[in-house]
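**Student:** Sequence and predicted model, in that order:
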Amino acid sequence: MSRRQEKVASVVRRVVGEAIAQRLHDPRISPMTSITRVEISGDFQFARVWVSVMGTEGEQGATMAGLRHAQGRLQSLLSRALAMRQCPTLQFKLDESIKKGFETLRLIDQVMAELNQKQSDEPQAPRCDSQSPGESA
């Protein structure tokens, strides 16, 4: 990505993130919504906005519908923030990487707990030390 694309992506991320947090009052949009990344096309026609929504699949779907419904307002806010002749068209994509990461960590914790449980359930074999308790090596 070129330096100019990175700057435009940064502005898009800031404006859309701020709008979600403070300006959009659509009840469909979950308060646990965040912008994970923004990709700008080479011709600056499109801005793919990757959105992470912590919640059920129903909440994710409702949030995406709310964002698509608010696309015109977000486009307007973005055009004021960008000093460009043509403002990129916003395209919202659901990013499930954070949710998958949490699920992976949960599974790791579950397996570790099961391993610890198995170790504590096994009978401990008596220690056979060649030294008597009072001797040191």
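**Tutor:** Nice, I can see it.
**Student:** When you work out contacts or count neighbours from here on, use the C-alpha atoms and nothing else.
**Tutor:** OK.
**Student:** how about low-confidence regions in this structure?
**Tutor:** 124-137 (pLDDT under 70).
**Student:** report the longest helix in it, please.
**Tutor:** helix 97-121 (DSSP state H).
**Student:** Can you give the distance of that one from its chain's centre?
**Tutor:** Relative to its parent chain, helix 97-121 has a centroid offset of 20 Å by C-alpha atoms, centre = their mean, to the nearest Å.
**Student:** from memory residue 39 sits against residue 45, does it?
**Tutor:** No - assessed by C-alpha atoms under 8 Å, residue 39 is found out of contact with residue 45, at 11.0 Å.
**Student:** Which one of those two is surrounded by more residues?
**Tutor:** Using other C-alpha atoms under 10 Å as the criterion, residue 39 and residue 45 rank with residue 39 on top: 20 against 12.
**Student:** residues in contact with the more buried one?
**Tutor:** Applying C-alpha atoms under 8 Å, 6 or more residues apart in numbering, we find residue 39 in contact with 9, 47-49.
**Student:** quick one: contacts of the longest helix of the chain?
**Tutor:** 52, 54.
**Student:** If we use 10 Å, what do you get?
**Tutor:** 36, 52-55 (C-alpha atoms under 10 Å, 6 or more residues apart in numbering).
**Student:** which of the residues you listed are buried?
**Tutor:** Applying 16 or more other C-alpha atoms under 10 Å to these, the neighbour count classes 36, 52-54 as buried.
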